[in-house]
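Prediction below, plus the sequence it came from.
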Amino acid sequence: MSGLLFDYAALFAALLIVTYLLPAGIFQLVRQVASPASRIQSRPLRAGQIRREVFYSLRAVAIFALYGLGLLAAYRAGWTALEPDWSAWPWWWPAVGFLAAIFLHDTWFYWTHRAMHLKGVFGWIHAEHHRSVTPTPWSILSFDILETIPQFGVFVIMVMFVPMHPAVLWAYLLFDSMVNAAGHCGYEIIPERQRTHWLLRYTNAVTHHDLHHARFNCNYAQYFNIWDRLCGTFRDREPSLKPPIRPA
């Protein structure tokens, strides 16, 4: 029993730092130093918003650590695709596993995220996250309890089916959390010349996810806007325009 509690505490601490405190803290600093002209929405934060976001995010981390115990047990039993021996991999394989995780996660996130917005589903699964109409980095894990299931589910698929070193998995967790925190920071940190570049225009800027929080019915994907473009849910705007503000 003590070993199980130790494993849970270790997972909670690691997830708390890697997936929440570090990325949210960094992009909170970005908010402090960013130019006011780069602010995307003019709506002020609601009273008590950050306190609420932190509370629900800490609850989500606690739930993720509980789920993580199952994956840890599967890893120790040798049932996962994780391989801790670096010599078992070609030199290029860590990058392949990392890229595979990105594309797998982006597809999973688009379709599960869009499903969570369906009428009759949204209020049960995704409404808590969208209470932050003007998001902050502290809202990145502010989930309803049921939403933690699809949010964690993609990592179950990665661990079970994508061959990678455990260190690559943790690096991906940090990368994903940094992208997530950037998308919720409320300030456009991507220069316009990069957002309109012929290749980079297919990646999401902060504006795209901020518009999702403001409008609710567009820009469902995580990293790229390819699925949104293909499915007609992509929304962009001229850089000089502010997104419309939903009524409180």
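Yes, it's here. None of the values given here were measured: they were computed from a predicted structure. Numbering: from 1, shown residues only.

so where do the helices sit in the chain?
In the chain, the segments counted as helices under DSSP state H are 2-16, 22-33, 49-76, 93-116, 122-125, 148-161, 166-183, 192-195, 206-215, 226-231.

Contacts only, for the residue nearest to residue 57 when sequence neighbours are not counted.
For residue 57, ignoring the flanking residues on the chain, the nearest one in space by Cβ to Cβ, 6 or more residues apart in numbering is residue 141 at 3.8 Å. C-beta: built from backbone N, CA, C; applies to glycine. Applying Cβ atoms under 8 Å, 6 or more residues apart in numbering to residue 141 gives the contacts 19, 20, 56, 57, 60, 61.

run the last query once more with 10 Å
If you count contacts by Cβ atoms under 10 Å, 6 or more residues apart in numbering, residue 141 has them with 15-16, 19-20, 23-24, 53-54, 56-61, 63-64, 129, 147-148, 151, 177, 180-181.

can you check residue 218 too?
With Cβ under 10 Å, 6+ apart, residue 218 has these contacts: 117, 208, 211, 212, 225, 228, 232, 233, 234, 235, 236.

just to revisit the earlier point, now, of the helices of the chain, which is deepest in the fold?
Highest mean neighbour count of those: helix 206-215, a mean of 22 (counted as mean count of other Cβ atoms under 10 Å).

Kindly spell out which helices and strands sit in contact with that one.
In terms of contacts (3 or more Cβ pairs under 10 Å, 6 or more residues apart in numbering; DSSP states H and E), helix 206-215 is packed against helix 166-183, helix 192-195.

Now distance to residue 105 and mean pLDDT too, for these, in CSV please.
Shown next, in CSV, are the helices and strands packed on helix 206-215 (distance: least, Cβ to Cβ, whole Å; pLDDT from 0 to 100):
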stretch, distance to residue 105, mean pLDDT
helix 166-183, 7, 97
helix 192-195, 22, 70
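
Same list (those) but as a markdown table, adding distance to residue 69.
Converted to a markdown table, those look like this (distance: least, Cβ to Cβ, whole Å):
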| stretch | distance to residue 69 |
| --- | --- |
| helix 166-183 | 15 |
| helix 192-195 | 41 |
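
low pLDDT regions in the protein?
For the chain, applying pLDDT under 70 flags the ranges 194-195, 238-248.

spatially speaking, which residue is in the middle of it?
Of all residues in the chain, the one closest to the mean position by Cα atoms, centre = their mean is residue 180, 3.9 Å from it.

Pull the residues that contact stretch 1-8.
Stretch 1-8 has contacts (Cβ under 10 Å, 6+ apart) with 62, 65, 66, 68, 69, 72, 73, 76.

For the fifth one, which residues are in contact?
By that I understand residue 69. Neighbouring residues of residue 69 by Cβ under 10 Å, 6+ apart: 4, 7, 8, 11.

Does the residue nearest to the centre of the chain touch residue 140 like I think?
Yes: counting by Cβ atoms under 10 Å, residue 180 touches residue 140, with 4.6 Å between them.

anything in contact with each of the two?
Listed as contacting both residue 180 and residue 140 by Cβ under 10 Å, 6+ apart are 19, 20, 23, 24, 27.

Now for the spatially closest residue to the fourth one that is not a sequence neighbour: which residues touch it?
What sits nearest to residue 24 in space, not counting adjacent residues and going by Cβ to Cβ, 6+ apart, is residue 137, at 4.1 Å. Contacts for residue 137 were tallied using Cβ under 10 Å, 6+ apart; they are 20, 23-31, 50, 53, 57, 177-178, 180-186.

go again using 8 Å as the cut-off
23, 24, 25, 26, 27, 28, 30, 31, 181, 184, 185.

Between those residues, which sits nearest residue 165?
Closest approach between those and residue 165, by Cβ to Cβ: residue 23, at 21.5 Å.

Perfect, that will be all.
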